[in-house]
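Participant: Here's a sequence, model it:
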Amino acid sequence: MTTAEPGTVDSTLHDGLTVDQVLGIVAIVGLSGWSVTQYVAWNPGRSLGTVGVEGAVLVLLFWLLATITIAGVILGAGSRAVTYGPPFWLWGVLVAIAMTSNAAVVTGLFPESLARYALWHPWIGVYAIGYLAMGIVAVDRTRLAYLAGCLLAVIVLVAWAAFPLESRSWMFALTGVVHAGPILADVAFTAADTEAPDRPAEPVRNA
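Facilitator: Next comes the predicted model:
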């Protein structure tokens, strides 16, 4: 591994998948994952009849595979600017907490009265906390998109509590919007800022 001279930027720091490419992968997987979750929730008996496992188990296995795949792609092909960045490790910890909570439900460690809360609430909490942190500390990114994502996560949680019959049937689809929306907005606005032409210099006026 090459090491940059003190005071210089290592030219290999950005070799590999860029931040925007990684975010695009995460957004696509998120939309796909929550769409699958919503479908299973709408068809609770379909997974048991098709693949022989209950819906909660199938969804957990899907998200576990998706999470491991994303982490493997980032660690294996991502640039060091991505893998060494605090956001990657912050999200790793948050997602691990949510996955552990889900696994505890599937294995019967939560009583039935708390199981449904332990399946979904940790994820919406992950997005609220993670996007708040991103909105505060993210460098050279569209921080407003992540702060809006944090607010959206809170709104979805409040709607779930206040209007259970209207919102709960769509909560996984809404979670997909919470997951991918801020990421896609960040990538779009950051790309637009990068591609924007420099403003022309003000003409020099003679005194």
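Participant: could you check the distance from the most centrally placed residue in the chain over to G45?
Facilitator: Nearest to the mean C-alpha position of the chain, by C-alpha atoms, centre = their mean, lies H179 at 4.9 Å. Note on H179: its distance to G45, by C-beta to C-beta, to the nearest Å, is 26 Å. (C-beta placed from N, C-alpha, C; glycine too.)
Participant: Check A191 too.
Facilitator: Distance, A191 to G45, by C-beta to C-beta: 43 Å.
Participant: Now for the chain, the helix or strand with the poorest mean pLDDT.
Facilitator: helix 164-167 (a mean of 70; mean pLDDT, DSSP states H and E).
Participant: And the helices in this structure?
Facilitator: 19-42, 46-51, 55-77, 80-83, 86-106, 112-137, 143-162, 164-167, 171-195 (DSSP state H).
Participant: right, and those helices - which one's nearest T12?
Facilitator: helix 80-83 (7.3 Å; C-beta to C-beta).
Participant: helices and strands around that closest one, which ones?
Facilitator: Here helix 80-83 touches helix 19-42, helix 55-77, going by 3 or more C-beta pairs under 8 Å, 6 or more residues apart in numbering; DSSP states H and E.
Participant: and the angle from the shortest one to helix 19-42?
Facilitator: Relative orientation of helix 55-77 with respect to helix 19-42: 170 degrees, computed using axes from the mean of the first three to the mean of the last three C-alpha atoms, to 10 degrees.
Participant: relative to helix 86-106, how tilted is helix 55-77?
Facilitator: Computed with the same axes, to 10 degrees, the direction of helix 55-77 lies at 160 degrees from that of helix 86-106.
Participant: returning to what we had before: could you redo the helices and strands packed on helix 80-83 as JSON lines and give each row distance to I129 and mean neighbour count?
Facilitator: Converted to JSON lines, the helices and strands packed on helix 80-83 look like this (distance: least, C-beta to C-beta, whole Å; neighbours: other C-beta atoms under 10 Å):
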{"stretch": "helix 19-42", "distance to I129": "16", "mean neighbour count": "18"}
{"stretch": "helix 55-77", "distance to I129": "17", "mean neighbour count": "16"}
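Participant: now these in TSV, with distance to W160?
Facilitator: Conversion of the helices and strands packed on helix 80-83 to TSV gives the following (distance: least, C-beta to C-beta, whole Å):
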stretch	distance to W160
helix 19-42	13
helix 55-77	18
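Participant: Those: which one's closest to I124?
Facilitator: helix 19-42 (11.2 Å).
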